[in-house]
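Visitor: Structure for the following, please:
(chains A and B)
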Amino acid sequence: QKEVEQNSGPLSVPEGAIASLNCTYSDRGSQSFFWYRQYSGKSPELIMSIYSNGDKEDGRFTAQLNKASQYVSLLIRDSQPSDSATYLCAVIRNSGGYQKVTFGTGTKLQVIP
Amino acid sequence: DVKVTQSSRYLVKRTGEKVFLECVQDMDHENMFWYRQDPGLGLRLIYFSYDVKMKEKGDIPEGYSVSREKKERFSLILESASTNQTSMYLCASSLTREAFFGQGTRLTVV
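Guide: Numbers count the residues shown, from 1 in each chain, chains lettered A, B, ... in the order given. Okay, here's the model as predicted:
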């Protein structure tokens, strides 16, 4: 089982719809969770972080964390063509006395005008 | 804004060459990381450093080494480049938990 799993997609949604991106992780001791957006040929940029169970909203983005079920999701409301990118889930857990960041392989989102 | 700068955007090297990839951050971050990113494999951690002159192996350190002589600079070294090291290399830095990435170096080994 991979430490962090994401469906590679592509996930296609029409403009204006809600895009739902999901991520599961294997280590119950994981502490911090992040969503990064990566445009083709560019480096990842941080868009959301979440540390406790529940929802966290920032503009059109909502991150949801459920530690009991070991999943974290990202909702994008009113999806725009500019949201078309690969979304990477990242998880921090303690490993060997250090905080280790593990990334999922990413979900490609396509917003259709 | 945090700025993480990688020395080269594109690099072409020959098999067997020693390759240096440089990364500089301007926000006094303690933590610095080197990743490589390959299609279908995602971001994989090569090495990381939590302090000057300190380094720890990540998930795929074989064939690589690192140097951190100053807090702001973290260098990745390919001792003898091979074609399977052709990849996108990404440097990142962080103060606590959120990581900020450089623009990436696309390295091709021929």
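
Visitor: On the strand side of things, show who the residue in chain B that chain A sits nearest to bridges to.
Guide: Nearest residue of chain B to chain A: B:G42, at 3.6 Å (Cβ to the nearest Cβ). Quick note: C-beta positions are derived from backbone N, CA and C, even for glycine. Beta bridges link B:G42 to B:D38 when assigned by DSSP bridges.

Visitor: my guess is it contacts A:T105, does it?
Guide: Yes: the pair B:G42 / A:T105 is scored as a contact, 3.6 Å apart, by Cβ atoms under 8 Å.

Visitor: Find the residues that touch each one of those two.
Guide: Applying Cβ atoms under 8 Å, 6 or more residues apart in numbering or on different chains, one finds that B:G42 and A:T105 are jointly contacted by A:L88.

Visitor: tell me which parts of chain A are close to chain B?
Guide: A:8, A:32, A:34, A:42-46, A:49, A:88, A:90, A:92, A:96, A:98-106 (Cβ under 8 Å from any Cβ of the partner chain).

Visitor: So which of those residues are in strands?
Guide: A:32, A:34, A:45-46, A:49, A:88, A:90, A:92, A:98-103 (DSSP state E).

Visitor: For chain B, give me the ranges with low pLDDT.
Guide: Counting by pLDDT under 70, chain B contains low-confidence residues at B:1-2.

Visitor: Which residues belonging to stretch A:48-58 are considered buried?
Guide: In terms of neighbour count (16 or more other Cβ atoms under 10 Å in any protein chain shown), stretch A:48-58 has its buried residues at A:48-50.

Visitor: likewise stretch A:79-86?
Guide: A:79, A:83-86.

Visitor: and the spatially most central residue of chain B, which of the three is it?
Guide: For chain B, the residue nearest the mean C-alpha position is B:W34 (3.2 Å; Cα atoms, centre = their mean). Under DSSP: H, G, I helix; E, B strand; the rest coil, the three-state class of B:W34 is strand.
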